[in-house]
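K.L.:
attaching a predicted model along with its sequence, questions to come.
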Amino acid sequence: MMSRELILPENTSFEALWHELNKQRNGAASSTYEAVANALRERGKSALDRDVNQRRLAELSEQQLKGLIARMRREQSKYPAAPITDALLCFLAELLP
């Protein structure tokens, strides 16, 4: 597998970085998907304060991100006490191209 080097301005937003990293990706491993899904379910948007969860989220393909949003919506309804807020769902939706 050939890696590519990214040279981006220092003030690049997380959203721009996500799109750049996912231009030619097939998606993250299922364990990565599950890890970010569990972190978001347990801690909500504050889970993204951790770099590891930002990296995990950035590894998701567009299809995986759509699946994650759908999953978070289902879990928001199923577990109303979970910290899955509308703001989190909107943030995730904004990452879609």
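P.N.:
That came in fine, so what should we check first?
K.L.:
can you pull the pLDDT of residue 6?
P.N.:
Looking at residue 6, its pLDDT is 56.
K.L.:
just how off-centre is the helix ranked longest in the chain within its chain?
P.N.:
Using DSSP state H, we find that the single longest helix of the chain is helix 62-78. The chain centroid and the centroid of helix 62-78 are separated by 11 Å under C-alpha atoms, centre = their mean, to the nearest Å.
K.L.:
how about stretch 55-66?
P.N.:
5 Å.
K.L.:
list the buried ones in that stretch?
P.N.:
The neighbour-count check on stretch 55-66 (16 or more other C-beta atoms under 10 Å) flags 56, 57, 58, 59, 60, 64, 65 as buried. Bear in mind the C-beta positions are built from the backbone N, C-alpha and C, glycine included.
K.L.:
got the residues you listed as CSV, with distance to residue 35 columns?
P.N.:
Shown next, in CSV, are these (distance: C-beta to C-beta, whole Å):
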residue, distance to residue 35
56, 6
57, 10
58, 13
59, 10
60, 11
64, 12
65, 14
